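Peer 1: From the sequence below, what's the structure:
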Amino acid sequence: MDVQKLFERYNRKYFGGKLPPYTVEISNKYATSRCCKAKRTIYLNEKPEKMKVALLHEMAHTISRSGHGPGWRRQMARLQRLGAPIPKSEYQSYARRNKIDPCREYLEEIEGAAMDAPDLPIHELVQSFRYDKGFITIEGVAETASERRFLREALKVAKEARTLFEKKNHGA
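Peer 2: Below you'll find the model as predicted:
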């Protein structure tokens, strides 16, 4: 599947050719697909049967202001109404997720993991989580200031959870 040609076709068909040019790459640079506006690049990391939905998902990000908020969900609903191969669940699930602070949810996951895997070094635990959630590239780089701030907070939470676990289990 030529994802670059698919981007161009979808741009014409669903966006009236108004999206700026983007490079589309199939890559494992991130754990999931991602739209990098600054580089005008869309990275797709999906199975072939999910590639079209993932591409449209990321194309909707190119014209929405942030994340999976109302603007992005409106774009996804518009694409579906136009006949794009997008199941409603692809964007409706984000409405439910956004009611909960996703960062708080991730920090709670890190906290639990730090206690559940007491022998895993904190750095490895956070590094694995960071890649799995798409906060860093496969090379270990956090590309935005907000990602770096969140990761500092994640490291702090993991260290605090591990300290609490050790005090509780070693009587310190």
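Peer 1: need the longest helix for the protein.
Peer 2: Criterion DSSP state H: the longest helix present in the chain is helix 145-170.
Peer 1: Now find how far off-centre it is within its chain.
Peer 2: Computed by Cα atoms, centre = their mean, to the nearest Å, the chain-centroid distance of helix 145-170 equals 21 Å.
Peer 1: Give me the helices and strands touching that helix, please.
Peer 2: Helix 145-170 sits against helix 102-116, helix 122-132, with contacts defined as 3 or more Cβ pairs under 8 Å, 6 or more residues apart in numbering; DSSP states H and E. The way it works is simple: take the backbone N, C-alpha and C, and place the C-beta from them, glycine included.
Peer 1: Now do Ala158 against Arg34, distance only.
Peer 2: Applying Cβ to Cβ, to the nearest Å, one obtains 24 Å for the distance of Ala158 from Arg34.
Peer 1: ugh, wrong one, I meant Val24
Peer 2: As for Val24, its distance to Arg34 is 11 Å (criterion: Cβ to Cβ).
Peer 1: Common neighbours of those two, please.
Peer 2: Taking Cβ atoms under 8 Å, 6 or more residues apart in numbering as the contact definition, Val24 and Arg34 share the neighbouring residues Ile42.
Peer 1: Tell me which of those two has more neighbours.
Peer 2: Using other Cβ atoms under 10 Å, the more surrounded residue of Val24 and Arg34 is Val24, with 22 against 19.
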